[in-house]
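Participant: when you get a sec, could you give me coordinates for this:
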Amino acid sequence: MPLLDSRDVSILITTFNRKKELVFTLNTLRDVISSEGIYIWDDASTDSTFEYILSEYPEINIFQNTVNKGLIASRNQLMQAAPTEYVLSLDDDAHFLNPEELEKAMLFMDANLNCAVLSFRLFWGLQKPASQKTSENTYQVSNFLGGAHLMRKSAWDNFIKFYPEWYHFYGEEDFAAMKLFRAEQMVFYFPKVLVHHRVSLKNRKKSSEETRLRTKWALQAAWSNYLIFYPKQKAWFKIMYSIKEQLRLKFLKGHFNILMSIGKAGLTLIQNRHHRQKLDLRFSNKRLKAYLSLPQAPIFWKPKSNSN
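Facilitator: Have a look, this model is predicted:
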């Protein structure tokens, strides 16, 4: 019998041209939840992902875009499709290492009704961690990880409502977390649940074109969040400071392509200004200070060297 009841929780996965990784992830979920509780959104893959899942996993709920719309658009579509109060978001190249702890995550949210999201512990690497042990405790944070979290669907419906698709790839979690904070809803880091993200950071950094794209997306998303949520003067100060830091950390060390990423991020920021102008979400100085006082959810977790 699966660990989770698909009447209570759904698992949401976006995918694009990663059939092999997706199949691996799905096979790890066999004892976690019934196939009816899994929802996949295929962002117009060209590697037969959609057809393969339909054939080999007929009970899984899979949908497909006819054209590629980007990760964030797929996440929006999945959130609209999810029928349960709790939703688990998982990357297609990630899986739970201790799924038996997921029930504790749901019990925590049952006991804390103003908790909207739990961000899980995330290990990056092609091999499993040497140890799963941690001494970390659960605590409130300012953000969450898009591919490793549990969310209350009613919090999405009432407070978040959408991820900004014009961000394309990064920043939607911070956007959602800040909207939740404005509504006095809380996000917690929940290290009891450990997710293995099967990614080599070293290999990812080798691709200069991918690095440029990721930097552009990350910058324009961060700048957009500043302009949407921060008081105007502080928003522009943060943008100028981030540019200064990119030049100091990259340009002065010979990574001249950062100029292209900064320029393209700025152009995208201008092109998307009409989206931002529709939103009235600025924090007061006092609320911004309270938000910034919260620690960020850890992105990378590693076991201690002396763990057994």
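
Participant: can you list the domain ranges for the chain.
Facilitator: 9-201, 202-292 (automatic domain parsing).

Participant: can you give me the helices in the stretch 101-250 of the chain?
Facilitator: Secondary structure of the stretch 101-250 of the chain (DSSP state H, counting those that start in this stretch): helices at 102-111, 153-155, 172-182, 201-206, 208-229, 232-249.

Participant: got the buried residues for the longest one?
Facilitator: For helix 208-229, the buried set under the neighbour-count rule, 16 or more other Cβ atoms under 10 Å, comprises 211-212, 214-229. (Glycine included, C-beta is placed from N, CA and C.)

Participant: coming back round to it: and the domains of the chain: which comes nearest Ser305?
Facilitator: Closest to Ser305 of those, according to Cβ to Cβ: domain 9-201, at 8.6 Å.

Participant: now that closest one: mean pLDDT?
Facilitator: Mean per-residue pLDDT for domain 9-201: 97.

Participant: begin at 13 from now on, thanks
Facilitator: Okay, residue one is now 13; in that scheme the one you just asked about reads as domain 21-213.

Participant: can you give me the offset of it from its chain's centre?
Facilitator: 7 Å (Cα atoms, centre = their mean, to the nearest Å).

Participant: okay, and Ser101 sits in which element?
Facilitator: Using DSSP states H and E, Ser101 maps to strand 98-102.

Participant: give the buried residues for that strand.
Facilitator: Under 16+ other Cβ under 10 Å, the buried positions of strand 98-102 are Tyr98, Val99, Leu100, Ser101, Leu102.

Participant: would you turn those into a markdown table with distance to Ile65?
Facilitator: What follows is these, written out as a markdown table (distance: Cβ to Cβ, whole Å):
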| residue | distance to Ile65 |
| --- | --- |
| Tyr98 | 23 |
| Val99 | 19 |
| Leu100 | 18 |
| Ser101 | 18 |
| Leu102 | 15 |
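
Participant: Pro141 versus the nearest residue to Gln232 once chain neighbours are set aside, what's the distance?
Facilitator: Excluding its sequence neighbours, the residue lying closest to Gln232 (Cβ to Cβ, 6 or more residues apart in numbering) is Ala277, at 4.1 Å. When distance is defined by Cβ to Cβ, to the nearest Å, Ala277 is 34 Å away from Pro141.

Participant: neighbour count winner among the two?
Facilitator: Ala277 (23 against 17; other Cβ atoms under 10 Å).

Participant: show the contacting residues for the more buried one.
Facilitator: Applying Cβ atoms under 8 Å, 6 or more residues apart in numbering, we find Ala277 in contact with Thr227, Lys228, Trp229, Leu231, Gln232, Trp235.

Participant: would you turn the residues you listed into TSV with distance to Ala117 and pLDDT?
Facilitator: Shown next, in TSV, are the contacts of Ala277 (distance: Cβ to Cβ, whole Å; pLDDT from 0 to 100):
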residue	distance to Ala117	pLDDT
Thr227	33	93
Lys228	34	94
Trp229	29	94
Leu231	32	97
Gln232	32	96
Trp235	33	98
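
Participant: which of the residues you listed lies closest to Leu157?
Facilitator: Leu157 lies nearest to Trp229 out of those, by Cβ to Cβ, at 16.2 Å.

Participant: please verify my assumption that that closest one contacts Tyr179.
Facilitator: Yes - using Cβ atoms under 8 Å, Trp229 is in contact with Tyr179, at 7.3 Å.

Participant: select the longest strand from this structure.
Facilitator: strand 198-209 (DSSP state E).

Participant: tell me the angle that strand makes with helix 184-194.
Facilitator: 160 degrees (axes from the mean of the first three to the mean of the last three Cα atoms, to 10 degrees).

Participant: elements contacting strand 198-209?
Facilitator: Judged by 3 or more Cβ pairs under 8 Å, 6 or more residues apart in numbering; DSSP states H and E, strand 198-209 is in contact with strand 106-108, helix 114-123, strand 127-136, strand 151-153, strand 160-164, helix 184-194.
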